[in-house]
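Asks: Dropping a prediction and its sequence here:
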Amino acid sequence: MSDNSVNILDIKNIEVMYDNVILALHDVSLKVPKGKVVALLGANGAGKSTTLKAVSTMLASERGKVTKGSIDYDGNSIEKQNPSQMVGLGMVQVLEGRRCFGHLTVEENIISGAYSRKLSKGDIDQELEKIYTYFLRLKERRKSQAAFTSGGEQQMIAVARAMMAKPKMLLLDEPTMGLAPQLVAEIFNIVKELNQKEGVSILLAEQNTNIALKNSDYGYIIETGKVMLEGTAESLLNNDKVKELYLGISKKGRKNFRDVLKEESLNKKIN
Amino acid sequence: MANELLFFMEVLVGGLLAGTMYSLVALGFVLIFKASATFNFSQGAMVFFSVLAFCGFMQDFNIPFVLAFILAALLMVVVGLCTERLVLRPLMNASEDTVLMATIGLGYVLEGLAQAAWGVEVRRLDLGIGDFPVPWIADNLKLFISALDITAGLVAAIMIIGLFLLFKYTKIGLGLRAVADDAGAASSIGIPLKHIMLLVWSAAGVVALVAGCMWGARAGVQFALVDLALKALPVLIIGGFSSIPGAIIGGLIIGAVEKILEVYIGPFFGGAIEGWAPYVLAIFFLLYRPEGLFGEKIIRRV
């Protein structure tokens, strides 16, 4: 029982199938302690998005199903829930690829996040102002149509929209996909701030292993639907295997494409 | 000369007002297209079903006019409810094409149910508004304009204003626009799709009832109403499938153009070009402005 009070999310040995035939997850177990940031790392097709969708119960809309194992959120099984009920319970997913409502203004996008809450107009304005303190950029662009904002701004809209639902837990699916390094840092700063100031627990799926681990407390690495490695963010950052396979650094200090080229050109000069 | 101008004005105004009747039908299509991203082939059947039920309540059960209208509107809400539960929800994850086919099937079911319940004979619907020129306008402006056309125009105006306010300023309207943009993302932030679908299909049903009343009063409540709804297709192509103002303007354009062409160019073709001229216009739009005048442009960031 004491376990439940510590972990807001507890996934035990889940298996997920799409269309009753495609096995996407074999055996994934992970825990998100309350108030912590947990990174879920892996390459394309490893099962990161599937794991997140299993948690937010959005699998059903893609003909996916959890066939084994269990998922407990806040001490209760999520088996019988649907996505809008999960939002009501304080679990909100920010989908991969931002998915803003392109024809709505930035502000309408953010307000739509409060749909599940019964708020008066005044309350909504108050919440909006609070949200804007984290996303200053969006305040300037509040009247623009979302489709015409930049990729980074759209990602902020997606996170801000999710925050309007007042989540206890956020599921972020590749929030930095396709963004310039400076924006990646900006997004992670915001995520970190939301975690610390609002106390939101975060499960973060990322391919950008380095920056994700630097901003997380704990990490899991999955490959072909299985958890291969887990540990505190620090231990993973210092793990040789992780360095070699995901961070592009080996003991010799090269595994990086640029380094390979450099070495080759050096060899040519010598010859 | 003045007489010719007056005649032209009369054709134009008559056409514009008749066009609002098309707009009313097109409105129903737009509502559903916005939420389900599908062309609802059963809209014509919904028009027929709703107005036949309205007539049935009044004529077979002697229910007073207003009460019968309310009952018919409630019936359309029930139809919306059943559609959501029995057709849309099971097809939630199916492709848009599948939903499109389902609406064709739904159309046949509604046509069949309507005729099974109320019989197949043509019914007369008397709204208490005559389909003849308003004397006051005829006397003062020398224009012969039907009272029914004017009523249809007013009703269409009220409905567009009402729907505009609903979409722009209410919570459920915001939800609807969000679903229209990205249903998956809407559901991820807790907008319940089934409520939105229910609302939209019920609203489309009530719009169908209003359109059916107007058309039924003019042409009789009969099976032909189902096909008449197809006249809304060029209206939608011109106005844009996803735009409510587009449905209204498209209807006005179709109404005016078809009357003017009929009167001035029709004789060269031996008349009756009213029936196909709108489709020719629609083809030009498809070639040069496929999203229609007011349709939401497909926004691509470059």
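Replies: That came through fine.
Asks: pLDDT weak spots in the chain?
Replies: Defaulting to chain A. Regions of chain A meeting the criterion pLDDT under 70 cover residues A:1-5, A:249-264, A:269-271.
Asks: ah, I was thinking of chain B
Replies: Within chain B, the stretches falling below the threshold (pLDDT under 70) are B:1, B:296-302.
Asks: So out of everything in it, what residue is nearest chain A?
Replies: With C-beta to the nearest C-beta as the measure, B:Gly190 is the residue of chain B nearest to chain A, at 2.9 Å. Every residue, glycine included, has its C-beta placed from N, CA and C.
Asks: A:Val87 is in contact with that residue, correct?
Replies: Yes: taking C-beta atoms under 8 Å as the contact criterion, B:Gly190 and A:Val87 are neighbours in contact, 2.9 Å apart.
Asks: and the residue of chain B closest to chain A, that's in a strand?
Replies: No: when DSSP: H, G, I helix; E, B strand; the rest coil is applied, B:Gly190 is found to be coil, with no strand at that position.
Asks: show me the contacts for it.
Replies: With contact set as C-beta atoms under 8 Å, 6 or more residues apart in numbering or on different chains, B:Gly190 has these partners: A:Pro83, A:Ser84, A:Met86, A:Val87, A:Gly88, A:Val92, A:Tyr115, A:Ser116, A:Ala165.
Asks: can you check A:Val28 too?
Replies: Residues counted as contacts of A:Val28 (C-beta under 8 Å, 6+ apart) are A:Ile11, A:Asn13, A:Ile14, A:Gly47, A:Thr51, A:Gly69, A:Ile222, A:Gly225, A:Lys226, A:Val227.
Asks: longest helix of the chain?
Replies: Picked chain A for this. When chain A is parsed with DSSP state H, its longest helix is helix A:181-198.
Asks: let's do chain B instead
Replies: The helix that spans the most residues within chain B, counting by DSSP H, is helix B:2-36.
Asks: how about the CA coordinates for stretch B:163-173, as CSV?
Replies: Backbone C-alpha positions of stretch B:163-173 (Å, rounded to 0.1, in the frame of the first residue of the first chain) are rendered in CSV as follows:
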residue,chain,number,x,y,z
LEU,B,163,-25.0,28.8,-35.0
PHE,B,164,-22.2,31.4,-35.4
LEU,B,165,-22.7,32.5,-31.8
LEU,B,166,-22.8,28.9,-30.6
PHE,B,167,-19.6,28.0,-32.3
LYS,B,168,-17.7,31.2,-31.5
TYR,B,169,-18.7,31.9,-27.9
THR,B,170,-19.8,28.8,-26.2
LYS,B,171,-17.7,26.1,-24.6
ILE,B,172,-19.3,23.3,-26.6
GLY,B,173,-18.7,25.4,-29.8
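Asks: And the strands in the stretch 1-150 of chain A?
Replies: Along the stretch 1-150 of chain A, counting by DSSP state E, counting those that start in this stretch, strands occupy A:7-18, A:22-33, A:37-41, A:64-73, A:76-77, A:91-94.
Asks: Walk me through which strands the shortest one pairs with, and which way each runs.
Replies: What it means is strand A:76-77. Here strand A:76-77 is paired, per DSSP bridges, with strand A:64-73 (antiparallel).
Asks: same deal with the last one?
Replies: When pairs are called by DSSP bridges, strand A:91-94 turns out to pair with strand A:169-173 (parallel).
Asks: Could you tell me the angle between the strand it pairs with and strand A:22-33?
Replies: Using axes from the mean of the first three to the mean of the last three C-alpha atoms, to 10 degrees, one finds that strand A:169-173 and strand A:22-33 are set 140 degrees apart in direction.
Asks: that older thread, now the longest helix of chain B: buried residues?
Replies: Applying a neighbour-count criterion of 16 or more other C-beta atoms under 10 Å in any protein chain shown, one finds B:10-36 buried in helix B:2-36.
Asks: With stretch A:68-80 instead?
Replies: Buried residues in stretch A:68-80, counting neighbours by 16+ other C-beta under 10 Å, are found at A:Gly69, A:Ile71, A:Asp72, A:Tyr73, A:Asp74, A:Ile78.
Asks: chain center to that stretch: distance?
Replies: Relative to its parent chain, stretch A:68-80 has a centroid offset of 19 Å by C-alpha atoms, centre = their mean, to the nearest Å.
Asks: Could you find the closest non-adjacent residue to residue 241?
Replies: Picked chain A for this. Computed as C-beta to C-beta, 6 or more residues apart in numbering or on different chains, the closest residue to A:Lys241 that is not its neighbour in sequence is A:Leu229, at 7.1 Å.
Asks: not quite, I wanted chain B
Replies: Counting by C-beta to C-beta, 6+ apart, B:Phe241 lies nearest to B:Phe33, which is 4.7 Å off, once chain neighbours are set aside.
Asks: Could you pull out the buried residues of the strand or helix carrying B:Asp60?
Replies: When secondary structure is defined by DSSP states H and E, B:Asp60 falls within helix B:43-61. Burial within helix B:43-61, assessed by neighbour count using 16+ other C-beta under 10 Å, is assigned to B:43-59.
Asks: ok, back up a step: and the angle for the longest helix of chain B with helix B:43-61?
Replies: Using the same axes, to 10 degrees: helix B:2-36 against helix B:43-61 is 100 degrees.
Asks: Can you turn the buried subset of the contacts of B:Gly190 into a selection I can paste into ChimeraX?
Replies: In ChimeraX syntax, the buried subset of these is picked out as below (16+ other C-beta under 10 Å):
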select /A:83,84,86,87,92,115,116,165
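Asks: surely B:Ile63 meets B:Phe57?
Replies: Yes: with contacts defined as C-beta under 8 Å, B:Ile63 counts as touching B:Phe57 at a distance of 4.6 Å.
Asks: Burial check on B:Ala156, number of neighbours?
Replies: Other residues within reach of B:Ala156, judged by other C-beta atoms under 10 Å in any protein chain shown, total 26.
Asks: contacting residues for it?
Replies: Listed by C-beta under 8 Å, 6+ apart, the contact set of B:Ala156 reads B:Thr20, B:Met21, B:Ser23, B:Leu24, B:Leu27, B:Ile248, B:Gly251.
Asks: Kindly tell me how buried B:Gln150 is, as a neighbour count.
Replies: For residue B:150 the amino acid is Ile, not Gln. 16.
Asks: Most proximal residue of chain A with respect to chain B?
Replies: Using C-beta to the nearest C-beta, the closest approach of chain A to chain B is made by A:Val87 at 2.9 Å.
Asks: Surely that residue touches A:Ser116?
Replies: Yes: applying C-beta under 8 Å as the test, A:Val87 and A:Ser116 come out as touching, 4.9 Å apart.
Asks: Overlap in contacts, the two.
Replies: Shared contacts of A:Val87 and A:Ser116, counting by C-beta under 8 Å, 6+ apart, come down to A:Ala165, B:Ile189, B:Gly190.
Asks: residues touching the residue lying closest to the second one once chain neighbours are set aside, list them.
Replies: Among residues not flanking B:Ile189 along the chain, A:Gly113 sits closest, at 5.0 Å (C-beta to C-beta, 6+ apart). Contact partners of A:Gly113, counting by C-beta under 8 Å, 6+ apart, are A:Val92, A:Ala160, A:Arg161, A:Ala162, A:Met163, A:Met164, A:Ala165, B:Ile189.
Asks: packing partners for the helix holding B:Asp60?
Replies: Counting contacts by 3 or more C-beta pairs under 8 Å, 6 or more residues apart in numbering or on different chains; DSSP states H and E, helix B:43-61 packs against helix B:2-36, helix B:65-82, helix B:96-118, helix B:193-219, helix B:224-228.
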